[in-house]
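Student: give the three-dimensional model of this entry:
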Amino acid sequence: MSAEAGHGSAGVPDDARGEAYGKDDAGAAGYRIVGQVGIGLGPEGAVVDIATNRVYVACARSNAVSVVNLQTMTADTTIPVGREPIGIAIDQPAGHVFTADARSDQVSVINIRSGSVIASIPVGSYPAGLDIDVRGRRLYCGDTMSSTMSVIDLDRLERIGTVPAELGAGDVAVDTRRGRAYCVNFVASSVTVVETDSMRVAGRVPLSGWPCAAAVSPNLDEYYVVRSFPGGVTRIAAANGETLGEISAPAAAVGLAVGPAGDRLYLGNRGDGSVSVLGLDGLEWARIPVGAAPGGVTVHPGDPRLLLVANSGDASLTVARDLLDGPPASVARQARHPLVGRHLPSFSLPDLRSGAVRESREWAEKKYILNFFASW
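Tutor: As a prediction, this is how the structure comes out:
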């Protein structure tokens, strides 16, 4: 972890390392790493309490939430919750943080002031994604194994409805302008569109490529869904669900956030330990190196250029600052990985059924699928 004496807006250190990692042709820094903080195991998502300038990170393999003080760049509190918290959301007016505890089939409610869990709300099976409609005072939870979306009243702290979705229902993005919630169905490769007032399904948007996260544009009538395989982002018209375009994405993108001006997307690339800054024109403006296997990417609501990245692979939170006012003068092409295009190296693995050792040469010149399953 790192810190320094100088501080920027919202009390956040300007640059803990004093080193810029990306530059455009004019020589201006494209981004800056502010700090790297060790936290609990398997962090997947983060939210910011702007009143205290602290970050709450859901740490799935620690069954807890780590609280990071951005002023000191330290994790100063650990709050136990249910088993395998994945999704996380914050109700700033009420001072509550919520976690979707996947293996406890519940949503935990943390009181920010006391730093303790004050309620556990039963939901569907394996809840994974959360988002809040502050205006409607509701929390939406994607229940992965139940193929549903649970609706929770933020003031009563109880589930008030269940909406049918599809298999692999997970991440949720709320569109307050249209009064809709978009539930991403990972296994079914679709988005379920729900009217928030009536809690009724308004439509279904078929997709491809294992969609895993969604985000709504702050000023355009569209939303975005990131697909992990093959990597890409689909732009979808909020009015009618039509596809507006496709943006290619790097290795195994799973995290997604929209810049506050609506002109760029931030993608957490689990495959190569980076965050891509993507323009809506499809160009990658910058690629920010973070920790191992990053997932959730969060924009600080009080400091819109500050990014919080939960790195599941090395139990850390990366704090980075986006310094680009717009597209760089030229976009640098990313280097091709040296193994791309080369023959598959030889390897052997035990057969899980028979125990016999199988050699990769058995499948030479044949088509086959390698399935790397991830619990998230």
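Student: surely R138 and M149 touch.
Tutor: No. With contacts counted by Cβ atoms under 8 Å, R138 stays clear of M149, the gap being 10.9 Å. Yep, even glycine has a C-beta here, placed from its N, CA and C like the rest.
Student: so which of these two has more stuff around it?
Tutor: Neighbours per residue (other Cβ atoms under 10 Å) separate R138 from M149, with M149 holding more: 29 against 21.
Student: now for the more buried one: which residues touch it?
Tutor: 140-143, 162-163, 165, 169, 172, 181, 183, 192, 194 (Cβ atoms under 8 Å, 6 or more residues apart in numbering).
Student: which element is it on?
Tutor: Per DSSP states H and E: M149 is located in strand 148-153.
Student: for the helix or strand following that strand, packing partners?
Tutor: Counting by DSSP H and E, the next helix or strand C-terminal to strand 148-153 is strand 158-164. Under the contact criterion of 3 or more Cβ pairs under 8 Å, 6 or more residues apart in numbering; DSSP states H and E, strand 158-164 touches strand 116-122, strand 148-153, strand 190-195, strand 200-206.
Student: doesn't P250 belong to a strand?
Tutor: No. P250 is assigned coil when assessed by DSSP: H, G, I helix; E, B strand; the rest coil, not a strand.
Student: burial measure for it, as a count.
Tutor: As a burial measure, P250 scores 19 neighbours (other Cβ under 10 Å).
Student: mind listing the strands for the stretch 1-150 of the chain?
Tutor: Taking DSSP state E, counting those that start in this stretch as the criterion, the stretch 1-150 of the chain carries its strands at 20-23, 29-38, 43-49, 54-59, 64-69, 74-80, 85-91, 96-101, 106-111, 116-122, 127-133, 138-143, 148-153.
Student: scratch that, the stretch 201-350 of the chain
Tutor: In the stretch 201-350 of the chain, the segments counted as strands under DSSP E, counting those that start in this stretch are 211-216, 222-228, 231-237, 243-248, 253-258, 264-269, 274-279, 284-289, 294-299, 306-311, 316-322, 348-350.
Student: go through those and find the least confident stretch.
Tutor: Lowest mean pLDDT within these: strand 348-350, a mean of 83.
Student: take the helices and strands packed on strand 158-164 and write them to a markdown table, including distance to V309.
Tutor: A markdown table is the format used below for the helices and strands packed on strand 158-164 (distance: least, Cβ to Cβ, whole Å):
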| stretch | distance to V309 |
| --- | --- |
| strand 116-122 | 25 |
| strand 148-153 | 26 |
| strand 190-195 | 24 |
| strand 200-206 | 27 |
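Student: out of those, nearest to A315?
Tutor: Ranking the helices and strands packed on strand 158-164 by proximity to A315 (Cβ to Cβ) places strand 116-122 first, at 21.6 Å.
Student: does V68 touch N53 like I think?
Tutor: No. Look at V68 against N53 with Cβ under 8 Å: they stay out of range, at 9.7 Å.
Student: looks like A213 contacts A249 (just checking).
Tutor: No. Using Cβ under 8 Å, A213 makes no contact with A249, being 11.0 Å away.
Student: grab the most central residue of the protein for me.
Tutor: Geometric centre of the chain, nearest residue: G296, 2.7 Å, by Cα atoms, centre = their mean.
Student: ok, now how distant is that residue from P43?
Tutor: Separation of G296 from P43 (Cβ to Cβ, to the nearest Å) stands at 8 Å.
Student: just E365 next, same as before
Tutor: 42 Å.
Student: next one: D49
Tutor: 17 Å.
Student: looking at those two, which is more packed in?
Tutor: Taking other Cβ under 10 Å, D49 and P43 do not tie; P43 has more neighbours (32 against 17).
Student: residues in contact with that one?
Tutor: 57-60, 66, 295-296, 310-312, 315-317.
Student: which one's more surrounded, V68 and N53?
Tutor: Counted by other Cβ under 10 Å, V68 and N53 do not tie: V68 has more neighbours, with 26 against 17.
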